[in-house]
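Colleague: Next input, structure requested:
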Amino acid sequence: MNRKWTIAIGAVLAVVVVGVGAFTLVSGKTEAVEGPALTLSPNETDPEAFKLLYPAHYDSWARNAELNPPALKYGSTPKKHSRLDQFPYMRTLWAGYGFSKEYNEARGHMYTLDDVIGGNGTEPTQRINEKTNLTCMYCKSAQVPGLIEQMGDAFYNTKLLADNNTELFVHPVSCSDCHDPQTMELRITRPALVEAMERIGKPVEQATRQEMRSLVCAQCHVEYFFNPNDSNRVYFPWDKGFEPEDMYAYYQEIGFSDWTHPQTGGGMLKAQHPEYEMFQGSAHQRAGLSCADCHMPYMTEGSTKISSHWLTSPFRTFEQSCAQCHRESQEEMGQRVLNTQDRIKESLDRAGTANQDAILAIEKAIAAGVDEETLNQARALHREAQFYWDLASAENSFGFHNPQKFFETIADSIDLARQAELLVTRAMNQ
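Modeller: Below is the predicted model of the structure:
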């Protein structure tokens with residue numbers, strides 16, 4: 001072989017080596033690195049292990065811990081803000097229940113453990129005590145699926161604070177809650193969602209990938225209760241449908257109450273955070289969008305496109321989220337959204353005040369000796385009214401996910417609460 005060919009072949013090899021090196025460098029930031037040394041265990045829950053394979057995704061997920069993200073008028077914040085101070089009537093509405101002691105603005109996935117059992121300079125929530133079961137940790141830790149698999153139904157009735165069971169929970173909600181550690185396919189890890197979808201004839205194993213991009217969120221961002229008729233297991237009240245009146249009808253059918261209100265003597269329902277239910281039937285849902293389309297938009301890292309895991313308001317990622325479909329500027333869209341959210345806030349306050357007035361009126365009627373039949377009618381009206389207010393209040397979008405359903409739900413709450421107040425007021429006047 002002459003010298004010319006030797007030089008040519010050497011140059012080609014050099015290009016190949018440099019190319020492979022460059023590809024490895026880029027892929028090391030944005031793609032999984034092949035090799036047995038970096039294969040994850042099927043039971044891996046530590047997000048740091050996922051970081052080795054998916055550093056770009058991990059970096060975006062780590063942003064959920066930011067202490068000073070771009071400010072929003074309505075939305076979660078890493079700083080603790082008491083909603084009881086913001087909405088004082090909540091203390092009356094939840095009297096006798098843990099939420100009347102402490103209820104803070106949602107701080108996001110990175111703080112799910114700190115905000116319940118304490119840690120990192122945070123005190124445990126006042127809502128837990130010696131009677132609290134592990135069930136309250138159902139959506140707070142990546143350890144939960146493994147514990148349910150190991151303990152079975154005993155998980156739901158084991159005490160959290162007794163015998164230092166807080167030590168069972170190491171990692172907050174993270175990668176393994178939604179992804180298979182070995183294939184990274186989306187998966188459902190919480191049995192309550194699987195069971196609920198089975199009961200309504202929509203088994204999760206038949207879900208499309210686009211549907212899964214919402215269902216992984218629906219494992220936790222839903223209304224739920226601990227079913228005393230089934231070992232306190234977590235249940236979603238979807239058997240009759242996703243609408244507020246459907247869920248209320250389900251609770252009525254099974255005769256469930258979360259607690260008895262000390263001022264009215266009525267059995268009450270405490271709604272959770274029904275983002276998935278409120279999203280159903282919305283303009284975005286009807287257009288075929290999933291939760292991830294807006295809250296986990298695609299972004300470019302280096303030369304690779306990733307799905308952002310900074311689980312935040314779309315207005316913090318406007319260009320990648322909203323601007324993919326909407327042609328209006330961020331300022332124009334912001335004004336539209338804020339106008340809706342301001343009106344929702346005003347309506348929520350009116351509904352909260354109406355329910356507070358109903359409670360005080362029933363309390364006075366009891367003291368005045370109003371007959372039990374009238375009191376029970378008023379209690380039933382108030383129970384339904386407050387559940388509708390609570391569904392709208394607990395949902396974290398301040399109306400954005402489905403404004404029409406929000407306004408209808410709040411209007412029903414105000415109407416029912418005023419009916420309850422009027423009923424006992426008339427009885428006292430007579």
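Colleague: Give me the neighbour count for the residue nearest to residue 400 when sequence neighbours are not counted.
Modeller: Setting aside the residues directly before and after it, residue 400 is nearest to residue 337 in space (Cβ to Cβ, 6 or more residues apart in numbering), at 5.9 Å. C-betas here are computed from N, CA, C, even on glycine. Applying the criterion other Cβ atoms under 10 Å, we find 22 residues in the vicinity of residue 337.
Colleague: Toward the C-terminus, what is the element adjacent to the one helix or strand residue 337 maps to?
Modeller: Taking DSSP states H and E as the criterion, the element that holds residue 337 is helix 330-368. With elements assigned by DSSP H and E, the helix or strand that comes after helix 330-368 is helix 372-394.
Colleague: relative to helix 330-368, how tilted is that following helix?
Modeller: Comparing the axes of helix 372-394 and helix 330-368 via axes from the mean of the first three to the mean of the last three Cα atoms, to 10 degrees yields an angle of 160 degrees.
Colleague: Let me see the mean pLDDT of helix 372-394.
Modeller: Mean pLDDT, taken over the full extent of helix 372-394, equals 98.
Colleague: swap in stretch 124-135?
Modeller: 93.
Colleague: First-to-last residue distance for it?
Modeller: End-to-end distance for stretch 124-135, by Cα to Cα, to the nearest Å: 16 Å.
Colleague: So the residue most central in space within the chain, which state does it fall into?
Modeller: For the chain, residue 221 is the residue whose C-alpha lies nearest the centre (Cα atoms, centre = their mean; 2.9 Å). Here residue 221 is coil, with the state taken from DSSP: H, G, I helix; E, B strand; the rest coil.
Colleague: Run through the residues that contact the residue nearest to residue 80 when sequence neighbours are not counted.
Modeller: Spatial nearest neighbour of residue 80, excluding adjacent residues (Cβ to Cβ, 6+ apart): residue 104 at 5.1 Å. The contact partners of residue 104, taken as Cβ atoms under 8 Å, 6 or more residues apart in numbering, are 80, 81, 82, 83, 115.
Colleague: quick one: which of the residues you listed is most hemmed in?
Modeller: Top of the contacts of residue 104 by neighbour number is residue 115, holding 22 neighbours under the definition other Cβ under 10 Å.
Colleague: So that one sits against residue 127, correct?
Modeller: No - the criterion here is Cβ atoms under 8 Å, and residue 115 misses it with residue 127 at 9.9 Å.
Colleague: now the residue nearest to residue 80, which residues is it bridged with?
Modeller: For residue 104, the beta-bridge assignment (DSSP bridges) gives partners residue 82.
Colleague: tell me which of the contacts of residue 104 is nearest to residue 44?
Modeller: For residue 44, the nearest member of the contacts of residue 104 is residue 115. The distance, counting by Cβ to Cβ, is 24.2 Å.
Colleague: pretty sure the closest one is in a helix, no?
Modeller: Yes - assigned with three-state DSSP, residue 115 falls within a helix.
Colleague: thinking again about what came up before, would you mind measuring from the closest residue to the residue nearest to the centre of the chain other than its chain neighbours to residue 282?
Modeller: Of all residues not flanking residue 221 in the chain, residue 275 sits nearest, at 4.0 Å (Cβ to Cβ, 6+ apart). When distances are taken as Cβ to Cβ, to the nearest Å, residue 275 and residue 282 turn out to be 11 Å apart.
Colleague: what do the two both touch?
Modeller: If you check residue 275 and residue 282 against Cβ under 8 Å, 6+ apart, the residues they both contact are residue 401.
Colleague: which other residues reach stretch 403-414?
Modeller: Under the criterion Cβ under 8 Å, 6+ apart, external residues in contact with stretch 403-414 comprise 243-245, 278, 281-282, 340, 343-344, 347-348, 350-351, 354-355, 385-386, 388-389, 391-392, 395, 399.
Colleague: hmm, back to that, my guess is the residue nearest to residue 221 contacts residue 222. True?
Modeller: Yes - the pair formed by residue 275 and residue 222 meets the contact definition of Cβ under 8 Å, at 7.3 Å.
Colleague: can you list contacts of the helix or strand hosting residue 197?
Modeller: Residue 197 is located in helix 191-199, with elements delineated by DSSP H and E. Taking Cβ under 8 Å, 6+ apart as the criterion, the residues outside helix 191-199 that touch it are 138, 148, 188, 203-204, 207, 215, 218-219, 222, 224, 233-236, 238-239.
Colleague: Restricted to helices, list these.
Modeller: Judged by DSSP state H, these include 148, 215, 218 as members of helices.
Colleague: Which one of the residues you listed sits in the busiest neighbourhood?
Modeller: Counting neighbours by other Cβ under 10 Å, residue 218 comes out on top of those with 26 neighbours.
Colleague: mind checking which helix or strand the residue nearest to that one when sequence neighbours are not counted is in?
Modeller: Nearest residue to residue 218 in three dimensions, chain neighbours excluded: residue 276, at 4.0 Å (Cβ to Cβ, 6+ apart). Mapping residue 276 onto the secondary structure by DSSP H and E places it in helix 275-279.
Colleague: can you list the residues that contact that helix?
Modeller: 214, 217-218, 221-223, 238, 242-244, 247, 285, 291, 391, 395-397, 401-402, 405-406.
Colleague: Send me that helix as PDB with only the CA atoms.
Modeller: The C-alpha trace of helix 275-279 is given here as PDB (Å, rounded to 0.1, in the frame of the first residue of the first chain):
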ATOM      1  CA  GLU A 275     -57.300  18.100  38.100                       C
ATOM      2  CA  TYR A 276     -58.000  15.000  35.900                       C
ATOM      3  CA  GLU A 277     -61.700  15.100  36.400                       C
ATOM      4  CA  MET A 278     -62.000  18.800  35.800                       C
ATOM      5  CA  PHE A 279     -59.900  18.500  32.600                       C
END
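Colleague: Of all the residues in the helix or strand following that helix, which ones are buried?
Modeller: For helix 275-279, the following helix or strand on the C-terminal side (DSSP H and E) is helix 283-286. Buried positions in helix 283-286, judged by neighbour count with 16 or more other Cβ atoms under 10 Å: 284, 285.
Colleague: Would you mind writing the CA trace of helix 283-286 as CSV?
Modeller: Backbone C-alpha positions of helix 283-286 (Å, rounded to 0.1, in the frame of the first residue of the first chain) are rendered in CSV as follows:
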residue,chain,number,x,y,z
ALA,A,283,-61.5,22.5,25.2
HIS,A,284,-57.9,21.2,25.4
GLN,A,285,-59.1,17.6,26.3
ARG,A,286,-61.6,17.6,23.4
